[in-house]
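>>> just a sequence and a predicted model for now, questions to come.
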Amino acid sequence: MWPGGSPTAVNGAAGLTIVALIIAALYVGRDLLIPLALAGILSFILAPLLRRLTDWRVPHGLAVALVITGVVAALGSGITLAGREVAQLVEDLPRYESTLRDKARFMHSLFGTPGIWQRAADTLRSVEQELRDPETEAKPLKIEVAQNSDWPITVLLDFTRSMLPSLTTAGLALLFTIFILLQYGDLRDRAVRLMGTREIGRSTQALNEAGSDLAQFFLLQASLNASFGLVVGIALWVIGIPSSGLWGAIAAIMRFVPYVGSLLAAVFPVALAAMVDPGWWRLVETAAVFVIGEPVAGQIVEPLLFGSHTRLSPIAVLMGAAFWTLIWGPVGLILAVPLTLAGVVMGQHLPRLEFLHILLGNEPVLAPPERLYRQLLAGEASDAARDLDQTLQNSAFVKYLDEVAVPALRIASADRRRSVLAADQLADLKQTLDDYVSHVRELLDFRREQRHIAARGAAPEAPQQSQTASALVIAGRGVLDQAAAELAADAVHFRFGIPVQCPALGGLTGINAVADAGRDGGRSEFVVLVSVGEVTPTQLDLLLSRIRRVFTKSTILLGDWGGQPIPPGLGEPDIVRAETVGSLVDAIGSLATERAANQPSRLELV
């Protein structure tokens, strides 16, 4: 006995404690972990370029220096250009004060409050006062920035002081990146050793796929974001917004932030549009650039471009963004997608992290039979029928029955035998199965009609002969066997077009159905007994014996798809056994073809 509780409860409590400690460590150590995470992601992205240089026989140390120099040069150039644009914009702002005053008066007359426009005008007045009054206390901020493209030392120092935490994080991230790239092979070996030497193959594959997926994700995301920023910049230039290139670059960068990045990027251009235009139309046009552009990029272009490359479900992106933002703030929001993606890739290959792949991945976590069974239990018959409709576009109906429907019914039968399904669940399942079979029948009727239309259009319609051949499909026992029998009957009718009957059970087993069919004359040429595991071998033997006595002139076929061991001598030697629905349909087809050859007037296969 476990002191204080069961093993399951103790293991659960231990797991929750470990998770809480990990979250606490992520929060407390964020000052170190954030630059380390940035360096790790940047290393994954730069590793392919580094390998390319080393393949060209560039020494490893020199290759790292070239890569880092390129990154720093690109960042420095971008910051310099952005600084010049900001300086020019600050110089031009006082010219728009009168426009803001007019808009503030309009908003005041419309809503009775000065609102944001009055506050903006006050801000501009304050800036203008500082720029024009040489005696002001803020003299170091005198617009020497606008008169000279070189920043004053005081402004640079103030900017550096305010940006010191960010610069520290960036500096640490750069140092970590250099170290990781220099020791890339050794660090991979250590990571594989930590994951376990017994799983070297899986660990190496996980690291390779994580790096490949991250690099591909950032390449696609950067391409899309750059295109989005270019379109935004051009559109704002056409509209007449100052510093349109700056806002396009900011829009491209902010799209890396999930959900809110584009909205934040739109704030300044929209506000600037309100400043520069005496009217309102330019503001509307600027807002429309983002209101229309972001949904087009996010809902149309991005799914087409990414497909399933990111391996993340939409809920995973949302959960990752919320978690990492809560732990690491704005930087966590930017890193949310790559960090979550890395966890999902690792979980795909490492059993201890499999829960990450299951919870956050975009791949189906249930096999098709399990998904169908879950849909039937949840009463989602129409959803199951839609899945079937999609399957039939690339696969045959009998294949769907063999690979999806019958295995799902077998799972349900196993649950019933283990008393997993309560009486009310069985009643609900029966209703859902009836609806599901009805949907399937409607879908097959529609496809049969389409097939006939196509056949009539391809060739002249031939005179039809009488179709006197027929089949009778009988369920072994219970609602699950009944559903399997009806689906099998639909498969035979859909394939050959011959009349097929599938009577209701009318009792515990199919004996009453056999008796009722026998009173009608027992004229069916094919009699099929179907079970997915609901009947015992003894009951099955009894049913086959009764069928043979009643249908003396019929061909008897057995479709026992329950997966239970059946004694070899069960039934009679002249009974045709069908291991699958496909083999059952093929057996009926071959027998019907043979009889049609001997008696052409009896049967015409469709």
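Thanks, I have it.
>>> please go through the chain and pick out the longest helix.
helix 200-239 (DSSP state H).
>>> which helices and strands does it pack with?
helix 30-55, helix 184-195, helix 244-254, helix 261-276, helix 281-295, helix 302-306, helix 330-349 (3 or more CB pairs under 8 Å, 6 or more residues apart in numbering; DSSP states H and E). Yep, even glycine has a C-beta here, placed from its N, CA and C like the rest.
>>> could you check how many residues crowd around Ser590?
11 (other CB atoms under 10 Å).
>>> what packs against the one helix or strand it maps to?
Using DSSP states H and E, Ser590 sits within helix 581-598. Counting contacts by 3+ CB pairs under 8 Å, 6+ apart, helix 581-598 is packed against helix 397-400, helix 478-496, strand 526-531, strand 555-560.
>>> try it again at 10 Å.
For helix 581-598, the elements it packs on are helix 397-400, strand 471-475, helix 478-496, strand 526-531, strand 555-560, strand 576-577, judged by 3 or more CB pairs under 10 Å, 6 or more residues apart in numbering; DSSP states H and E.
>>> could the ones you listed go into CSV alongside mean pLDDT?
Listed next are those as CSV, based on pLDDT from 0 to 100:
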stretch, mean pLDDT
helix 397-400, 91
strand 471-475, 87
helix 478-496, 90
strand 526-531, 89
strand 555-560, 87
strand 576-577, 84
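>>> closest one to Leu433 among those?
helix 478-496 (4.4 Å; CB to CB).
>>> centre of the chain to that closest one, how far?
Distance, stretch centre to chain centre, for helix 478-496: 33 Å (CA atoms, centre = their mean, to the nearest Å).
>>> give the other helices and strands that that helix contacts.
Looks like helix 478-496 contacts helix 397-400, helix 406-417, helix 423-458, strand 471-475, strand 500-501, strand 526-531, strand 555-560, helix 581-598 (3+ CB pairs under 10 Å, 6+ apart).
>>> could you check the angle it makes with strand 471-475?
160 degrees (axes from the mean of the first three to the mean of the last three CA atoms, to 10 degrees).
>>> distance to Ala226 for the helices and strands packed on helix 478-496 - can I get that in CSV?
Shown next, in CSV, are these (distance: least, CB to CB, whole Å):
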stretch, distance to Ala226
helix 397-400, 44
helix 406-417, 47
helix 423-458, 45
strand 471-475, 61
strand 500-501, 61
strand 526-531, 60
strand 555-560, 59
helix 581-598, 52
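>>> rank these by mean pLDDT and give me the bottom one.
In terms of average pLDDT, helix 581-598 trails the rest of the helices and strands packed on helix 478-496, at a mean of 80.
>>> list the buried residues of that one.
By neighbour count on 16 or more other CB atoms under 10 Å, the buried set for helix 581-598 is Val581, Gly582, Ser583, Leu584, Val585, Ala587, Ile588, Leu591, Ala592, Arg595, Ala596.
>>> out of everything not next to it in sequence, what's closest to the fourth one?
I take that to be Leu584. Ala578 (3.5 Å; CB to CB, 6 or more residues apart in numbering).
>>> list the contacts of Ala63.
Going by CB atoms under 10 Å, 6 or more residues apart in numbering, Ala63 touches Leu49, Leu50, Arg51, Arg52, Leu53, Thr54, Asp55, Trp56, Arg57, Leu181, Leu182.
>>> hang on, Ala222 packs against Ala252?
Yes - in this structure Ala222 lies within contact range of Ala252 using CB atoms under 10 Å: 8.4 Å.
>>> more crowded one of those two?
Neighbour tally, Ala222 and Ala252, criterion other CB under 10 Å: the higher count belongs to Ala252, 22 against 14.
>>> that one and Gly245, how far apart?
11 Å (CB to CB, to the nearest Å).
>>> now the common contact residues for those two.
Common neighbours of Ala252 and Gly245 (CB under 10 Å, 6+ apart) are Gly229, Leu230, Val232, Gly233.
>>> want to try CSV for the residues you listed, with pLDDT, distance to Arg548 and neighbour count as columns?
CSV is the format used below for the shared contacts of Ala252 and Gly245 (pLDDT from 0 to 100; distance: CB to CB, whole Å; neighbours: other CB atoms under 10 Å):
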residue, pLDDT, distance to Arg548, neighbour count
Gly229, 89, 77, 21
Leu230, 91, 78, 15
Val232, 90, 78, 30
Gly233, 89, 82, 23
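>>> now for the residues you listed: which two are most distant?
Leu230 and Val232 (7.3 Å).
>>> show me where pLDDT drops low in the stretch 201-350 of the chain?
Counting by pLDDT under 70, the stretch 201-350 of the chain has low-confidence residues at 202, 210-211, 214, 303-311, 349-350.
>>> switch to 90 and redo it
Filtered on pLDDT under 90, the stretch 201-350 of the chain yields the residue ranges 201-229, 233, 236, 238-287, 289-350.
>>> show me which of the contacts of Ala63 are buried.
For the contacts of Ala63, buried by 16+ other CB under 10 Å: Leu49, Leu50, Leu53, Leu181, Leu182.
>>> export the residues you listed as TSV, with columns for pLDDT and distance to Leu264.
Below are these laid out as TSV (pLDDT from 0 to 100; distance: CB to CB, whole Å):
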residue	pLDDT	distance to Leu264
Leu49	84	30
Leu50	85	33
Leu53	88	36
Leu181	86	32
Leu182	86	36
